[in-house]
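Visitor: Coordinates only, no sequence provided:
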């Protein structure tokens, strides 16, 4: 359910009751499983090992030896605690904003447009249209639009909402705005999938049993669309916390808004401080896995895909 | 069921909710509010797209930030800036190869997951799920560390290997939904009509799966083409289109980049619209004949 | 005790209700009054407008014209969640994300009633499901879900309880059982029940009053016995049970019987059981009122005699045996004969005479010149299918 939101909206039929036991299964699975193990699991392990490395004695920058320098983690968390907190903070706010923005939109497409499948398809296309323009270019577009010379700042200053000389770009507001915008489709599609399958007779029953439209929405519609909400939240929060484009200096952020991703990139590609970059990555992964495991406990592994 | 039970219910509050005041107009903000919101939401989503397309027609001097005038120059001389076209070419190459690999591996796994029983099912599902749940920074850094340790030089090859890796999971998810919705009775009918297992697969299963496989391939292509973060960590000197845009962002992106992005966008949108219209026509045809 | 019961159910009045959908009119100027405390059935084939009528009363649809009054109060413009009406849905619509007890308590909580859980338990005890109170709907059988849906509606003591073909998904034995239970609950609690169904047996078993609906209009309304023994139109005659119908001109209409010429025979119908007294009329008689005789009897007063005919089909159905007799000039006649002896009374090919008491015949209000002549053994499912097909083509053209 979680990531199946990206497949077509046609409901999945019940699994065929009979699953055969056959050597063919192995033949089908092995190539892919081996590939993933080689290029995902092994690098992951490699990353963990790297995070414990120590600088080579008398070596150049970028040369490390295997060790068990767990102090790397301590150093990294101490140095970059603000960035870590900032990342999850921004991601959380962006997720909430995306949810508030996307739910009514998904409701409109999934419930109100049910009788017009052609319009539904068109609306969905519009929702995922941003995907077809490069991620970087659309973030850059917002940078220009939100820049000091752009229309938004001028309008806000005219309305005296913004004081003279204030910026939007380079502030947390811009970064969160960018994050929210870029992940709206990730939030909308799973919620849409859930709402599209909502049996409206439950809503009728709620009204029949004296619940006002608002109460019916809160007590019937929302709980029944919860799987979609959870999927959308995961699909938004996880990538958002690791994002570094929006927060980058060249885009919507500044040095004050650097997130974990920026730091990891800087450490890895510029400072060549591989252990630090690896340790940070592991920390990021660990926090995310905590969230995901809570979700898995609720629904089991079958629901993940 | 008892009379006492009925009596107990009879003692329930006799107050029934009074009917509401007589309302002459049933239509209010409530009916149309959501529609208006949706239109505004779509407009909001499209703002950067429109901006990018519009600025692809900008008469650029040095930086493509201020609108100077309308010109078709950029579109006509797309490859004036050599690097843009080269980066675009690299992106296409990587995307095509990665898509082919990921679709093949992923489709096989999807079929196995749905149709067969095997041990370590949970482990396999987890293995497929983790790449989707891992932030791209971690994936990129991990692979880069791995290539470093193994002494493999970073370039187009490493990019392809990386893209294939994260595309497999998405392919599996997409195809799996399609496989699960396949009626097993169709394949049983094939076997009943003397088709060998290979024939059943190629003549019955595969054609029915094709729409799902194509959807998965398109998704994989889109993900690979637009990928930036993983590519940055694993590309070394090679440049793909997103990487070019990022490095050029500091000094000013040439309008040709806008042109390419707009062209890709228009092709994609037109493709989707054609697919929807074709599906709609086919549905109407079936309804009329069926 | 009695006084509180009388206050519970309320009158329902539909005044000039019209409902138009794009392309066709579902209901045209319907007037209906259902007295408080009665068990009322709205009976008709698929597409006759009965479900639309129910949804209008529940507030799930708005009428194009007309008024709806519950207990004298005009509720036409009231939204469904403010109307004192509860529905037992055909699909039950039990909230899947709540337990049974939470489902039943839902309406009570919305209205702020004291002790909602206690009352919900009482309701579940009424339908003998309190021991499953903590289960989810998906963990119950179809019959159990139906009882929970009923409890969820009844616990609110609405002025009017609407039942939308609630027994359709149950097997025969369970359906029979639930029919009796529903009737009993209605009597105990004293609510007004409006039951919408296409099953004429169900309607006749449970209802005090039946309204037969066809093409958005009520063809006839009355007690089950009245509708069955004295149908007024060919539709009612054929929808409720089976009928043998004949058309012919009235010869004489003096005295207290009408004499009608049917293919040369003179058949009599009591004047007060005939809707039309002149011109071409359609008269009929129920199959179970016919007696099957193997020897030609003497013509008696007060008895209609037709024959000789040939037995074309013999069909055993447990309680009775159905004979189809081809009578020249009258067509195929159906006879139901209660199985008082083992085996059929006559076999296929036998020559028989049919008699019935004149007092059992009825005359229809239809003008045969305009109405299509029905085959004597057209059954309700055929009519329902035809109507649905007609509606489907209408929809497609719309």
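Guide: Noted; the coordinates are in hand. As the structure is a computational prediction, the values presented were derived from the model and not from experiment. Numbers count the residues shown, from 1 in each chain, chains lettered A, B, ... in the order given.
Visitor: backbone phi and psi for residue C:352, please?
Guide: Per-residue torsions, residue C:352: phi -130, psi 160 (degrees, to the nearest 10).
Visitor: I'd say it and residue C:305 touch.
Guide: No: using C-beta atoms under 8 Å, residue C:352 is not in contact with residue C:305; the gap is 11.5 Å. Where C-beta positions appear, they are placed from N, C-alpha and C, glycine not excepted.
Visitor: Looking at these two, which has the bigger crowd around it?
Guide: Shown here are residue C:352 and residue C:305; by other C-beta atoms under 10 Å in any protein chain shown, residue C:352 has more neighbours (22 against 18).
Visitor: contacting residues for the more buried one?
Guide: C:292, C:293, C:294, C:307, C:308, C:309, C:310, C:311, C:323, C:325, C:346 (C-beta atoms under 8 Å, 6 or more residues apart in numbering or on different chains).
Visitor: In ChimeraX, select just the buried ones from the residues you listed.
Guide: Remark: buried members of the contacts of residue C:352, expressed as a ChimeraX selection using 16 or more other C-beta atoms under 10 Å in any protein chain shown:
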select /C:292,293,307,309,311,323,325,346
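Visitor: could I get the contacts of residue C:352 as a markdown table with distance to chain B and pLDDT?
Guide: Formatted as a markdown table, the contacts of residue C:352 follow (distance: C-beta to the nearest C-beta, whole Å; pLDDT from 0 to 100):
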| residue | distance to chain B | pLDDT |
| --- | --- | --- |
| C:292 | 43 | 90 |
| C:293 | 48 | 90 |
| C:294 | 50 | 89 |
| C:307 | 50 | 80 |
| C:308 | 50 | 89 |
| C:309 | 45 | 91 |
| C:310 | 44 | 93 |
| C:311 | 43 | 93 |
| C:323 | 41 | 93 |
| C:325 | 42 | 93 |
| C:346 | 46 | 87 |
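Visitor: For residue B:117, see how far away the closest residue to chain C within the stretch 51-200 of chain B is.
Guide: In the stretch 51-200 of chain B, no residue comes nearer to chain C than residue B:180, which is 20.2 Å away by C-beta to the nearest C-beta. From residue B:180 across to residue B:117, the span is 15 Å (C-beta to C-beta, to the nearest Å).
Visitor: Of the two, give the one with the bigger neighbour count.
Guide: Legend: neighbour count by other C-beta under 10 Å for residue B:180 and residue B:117, higher for residue B:180 (19 against 12).
Visitor: Next, give phi and psi for the more buried one.
Guide: Main-chain torsions, residue B:180, degrees, to the nearest 10: phi -60, psi -30.
Visitor: wait, it sits on residue B:114?
Guide: Yes: in terms of C-beta under 8 Å, residue B:180 counts as a neighbour of residue B:114; the distance is 5.2 Å.
Visitor: Confirm that residue C:250 sits in a strand.
Guide: Yes: counting by DSSP: H, G, I helix; E, B strand; the rest coil, residue C:250 is part of a strand.
Visitor: ok, it - contacts?
Guide: Residues in contact with residue C:250 (C-beta under 8 Å, 6+ apart) are C:258, C:259, C:260, C:261, C:276, C:277, C:278, C:279, C:280, C:281.
Visitor: before we move on, what SS does the first one have?
Guide: This means residue C:258. Residue C:258 ends up strand, using three-state DSSP.
Visitor: Repeat that for the fifth one.
Guide: Recorded secondary structure, residue C:276: coil (three-state DSSP).
Visitor: Show the pLDDT at it.
Guide: Reading off the confidence values, residue C:276 has pLDDT 86.
Visitor: again with residue B:109
Guide: 92.
Visitor: in terms of contact, does it touch residue A:29 like I think?
Guide: Yes: counting by C-beta under 8 Å, residue B:109 sits close enough to residue A:29 to count as a contact (5.7 Å).
Visitor: what's the overlap in contacts for those two?
Guide: Joint contacts of residue B:109 and residue A:29 (C-beta under 8 Å, 6+ apart) are residue B:124.
Visitor: quick one: which of those two has more around it?
Guide: More crowded of residue B:109 and residue A:29, by other C-beta under 10 Å: residue B:109, with 28 against 21.
Visitor: Count the residues that sit near residue C:269.
Guide: Residue C:269, neighbours per other C-beta under 10 Å, totals 25.
Visitor: typo on my end, it should be residue B:274
Guide: Residue B:274 has 10 neighbours, counted by other C-beta under 10 Å.
Visitor: Which residue, neighbours along the chain excluded, lies closest to the residue in chain B positioned nearest to chain A?
Guide: Using C-beta to the nearest C-beta, the closest approach of chain B to chain A is made by residue B:135 at 2.5 Å. Using C-beta to C-beta, 6 or more residues apart in numbering or on different chains and skipping residues adjacent in sequence, the residue nearest residue B:135 is residue A:242, 2.5 Å away.
Visitor: Please, where are all the strands along the stretch 101-250 of chain C?
Guide: Using DSSP state E, counting those that start in this stretch, the strands assigned to the stretch 101-250 of chain C run over residues C:160-164, C:192-197, C:209-214, C:217-222, C:244-252.
Visitor: for the stretch 251-398 of chain C, same thing?
Guide: C:257-262, C:265-270, C:280-285, C:291-293, C:303-317, C:320-327, C:331-338, C:351-357, C:362-363.
Visitor: So which of those is nearest residue A:194?
Guide: With C-beta to C-beta as the measure, strand C:303-317 is the member of these nearest residue A:194 (49.4 Å).
Visitor: In chain A, where is pLDDT below threshold?
Guide: Chain A contains residues with pLDDT under 70 at A:1-18, A:58-62, A:296, A:299-305.
Visitor: Might you name the residue of it sitting closest to chain B?
Guide: residue A:242 (2.5 Å).
Visitor: With the stretch 101-250 of chain C instead?
Guide: Going by C-beta to the nearest C-beta, chain B is nearest to residue C:188 of the stretch 101-250 of chain C, at 3.1 Å.
Visitor: Give me the pLDDT value at that residue.
Guide: Reported pLDDT for residue C:188: 83.
Visitor: Tell me how many other residues crowd residue B:170.
Guide: Residue B:170: 22 neighbours (other C-beta under 10 Å).
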